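Colleague: sharing a model prediction with you, sequence too.
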Amino acid sequence: MASIGDALRSAAGEGIITGEQAERLEPYLTGRGACIGGASVLTADNVAMADALQAEESEQPRFIRGFHDILITIGIVVALVGLWGLGSLFAVLPAIVILAEILVRRQRLALPAVVLTVALIQWTGVFAMMMIAELAPDVLRDLERALLVFPIGAVTLAIFYWRYRVPLALAAVLVCLFLIAVNIALLLITKATGAFFVFVEYPALSACVLLIGALGLFAAAMSYDIADPARKSRLSDVAFWLHLAAAPALLYAMLSFIFLRNINGDWWGDATSPGDAAAVLAIVVVFMAIGLIIDRRAFVTSGLLSLGFAIWTILQRGGASLGDYFSVTVLAVGLVVLLIGIFWQALRRAVVSLLPETITSRLHPIYRPKR
């Protein structure tokens, strides 16, 4: 008896559906216990396979469509690097615009659109810093310089998004706006208190500002996620990039409360105690749970470095007698990543099942095998 996959591939071969539709339908039908000739195909192996496929498709940003995109992207990177070296800063911007007109506006190539957006972000940052250095050398503080750089970036990227509708560009605009708000708040605190370096003199207040800004960015990311829970439109791609920025921002804003004594320095120095490391470990675990709930891996990956430092600190300063702390730490982090990655859907079902339906109904749908 033919399997669902064989039947779908046969239908694609006869032109009834496309090959891409067949690839997407197979895990969908298998995961929902579809059957051929009255025989259920839902077995333990099929559930595991469906879990893996659902995990793979649940967060799949649409910026890699094939090796053609990769080849074009390599050409873009090499050409822009060469042009930047041979020409000047002002020769790169026209090249970005011309390539965007051809590859993004006309051909709708996703990965080149991302790379060109990143190139524009870099160009804007260098241009803004160069202009500030020319107009006001050694006059402005770091916060004041940032308050001039981010608006230039926001305007440039907003124009780019208006013209080409690249999700990364819109996400970058929103990030710039939140950075502007945070910088304004820190600058007002600096002016009101007369502090020379607000992070050192008022660490708790600075940490609160950073946390509020990070929460705002996370709320913006969630608003795009909630607007497209099925993740079928451009809104989901915007949410992907926003979460990629919000996750580390929120994590390190929270960690700054633990390291208030040295908010601007070496967080994992000799003064870090096993208690500090345990608190960091707890925060990382909470972040991983959040990632499972909203189905975003950025909340897992952003905490891996802190997880490694926390484990290493607990082992070394907690009295564990090991010959190679580094290798044990790396092994522990690797095992955590593998376990979460392999059992992503099962873990997500377990965590989300604890939440009320009023919350889960607005999240990315969870895959539940039907028996």
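Modeller: Yes, it's here. Numbers count the residues shown, from 1 in each chain.
Colleague: can you give me the strands in this protein?
Modeller: Taking DSSP state E as the test, the strands found in the chain are 35-36, 39-40.
Colleague: next, count neighbours for the closest residue to residue 180 other than its chain neighbours.
Modeller: Setting aside the residues directly before and after it, residue 180 is nearest to residue 150 in space (CB to CB, 6 or more residues apart in numbering), at 4.8 Å. For the C-beta atoms, the positions are set from N, CA and C on the backbone; glycine is no exception. Neighbour count of residue 150, defined by other CB atoms under 10 Å: 23.
Colleague: okay, buried residues for stretch 85-92 please.
Modeller: residue 92 (16 or more other CB atoms under 10 Å).
Colleague: again with stretch 117-126
Modeller: Quick answer for stretch 117-126 (16+ other CB under 10 Å): 117, 119-121, 123-124.
Colleague: circling back to that earlier point, mean pLDDT for the strands of the chain: which is lowest?
Modeller: For the strands of the chain, the weakest mean pLDDT is recorded on strand 39-40, namely a mean of 45.
Colleague: quick one: distance of stretch 281-296 to the chain centre.
Modeller: 13 Å (CA atoms, centre = their mean, to the nearest Å).
Colleague: could I have that stretch exported to PDB, CA atoms only?
Modeller: Taking Å, rounded to 0.1, in the frame of the first residue of the first chain, the C-alpha atoms of stretch 281-296 are listed here in PDB:
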ATOM      1  CA  LEU A 281      21.400  29.900  35.400                       C
ATOM      2  CA  ALA A 282      17.800  30.400  36.600                       C
ATOM      3  CA  ILE A 283      17.300  33.400  34.200                       C
ATOM      4  CA  VAL A 284      18.600  31.400  31.300                       C
ATOM      5  CA  VAL A 285      16.200  28.500  32.100                       C
ATOM      6  CA  VAL A 286      13.300  31.000  32.200                       C
ATOM      7  CA  PHE A 287      14.400  32.400  28.900                       C
ATOM      8  CA  MET A 288      14.400  28.900  27.400                       C
ATOM      9  CA  ALA A 289      10.900  28.300  28.700                       C
ATOM     10  CA  ILE A 290       9.800  31.600  27.100                       C
ATOM     11  CA  GLY A 291      11.400  30.500  23.800                       C
ATOM     12  CA  LEU A 292       9.400  27.200  24.000                       C
ATOM     13  CA  ILE A 293       6.200  29.000  24.700                       C
ATOM     14  CA  ILE A 294       6.400  31.500  21.900                       C
ATOM     15  CA  ASP A 295       8.200  29.000  19.600                       C
ATOM     16  CA  ARG A 296      11.300  31.300  19.000                       C
END
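Colleague: got the buried residues for that stretch?
Modeller: 281, 283-284, 287-296.
Colleague: isn't the residue nearest to residue 180 up against residue 174?
Modeller: No - Residue 150 is not in contact with residue 174 according to CB atoms under 8 Å; the separation is 11.5 Å.
Colleague: the domain parsing of the protein - what is it?
Modeller: The chain breaks down into these domains under automatic domain parsing: 4-58, 266-371.
Colleague: any idea which of those scores lowest on pLDDT?
Modeller: Among the domains of the chain, domain 4-58 scores lowest, at a mean of 59.
Colleague: got JSON lines for the buried residues of stretch 281-296, with distance to residue 185 too?
Modeller: Converted to JSON lines, the buried residues of stretch 281-296 look like this (distance: CB to CB, whole Å):
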{"residue": "281", "distance to residue 185": "30"}
{"residue": "283", "distance to residue 185": "23"}
{"residue": "284", "distance to residue 185": "27"}
{"residue": "287", "distance to residue 185": "24"}
{"residue": "288", "distance to residue 185": "29"}
{"residue": "289", "distance to residue 185": "29"}
{"residue": "290", "distance to residue 185": "25"}
{"residue": "291", "distance to residue 185": "28"}
{"residue": "292", "distance to residue 185": "32"}
{"residue": "293", "distance to residue 185": "29"}
{"residue": "294", "distance to residue 185": "27"}
{"residue": "295", "distance to residue 185": "31"}
{"residue": "296", "distance to residue 185": "27"}
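Colleague: so which of these is the closest to residue 71?
Modeller: residue 296 (29.5 Å; CB to CB).
Colleague: touching, that closest one and residue 250? I think so.
Modeller: No - applying CB under 8 Å, one finds residue 296 not in contact with residue 250, separated by 11.8 Å.
Colleague: between the buried residues of stretch 281-296, which sits nearest residue 74?
Modeller: Nearest to residue 74 among those, with distances taken as CB to CB, is residue 296, at 28.5 Å.
Colleague: look up how far residue 222 lies from the closest one.
Modeller: Look at residue 296 and residue 222: by CB to CB, to the nearest Å, they are 10 Å apart.
Colleague: swap in residue 364?
Modeller: Counting by CB to CB, the gap from residue 364 to residue 222 is 11 Å.
Colleague: any common contacting residues for these two?
Modeller: Shared contacts of residue 364 and residue 222, defined by CB atoms under 8 Å, 6 or more residues apart in numbering, are found at residue 294.
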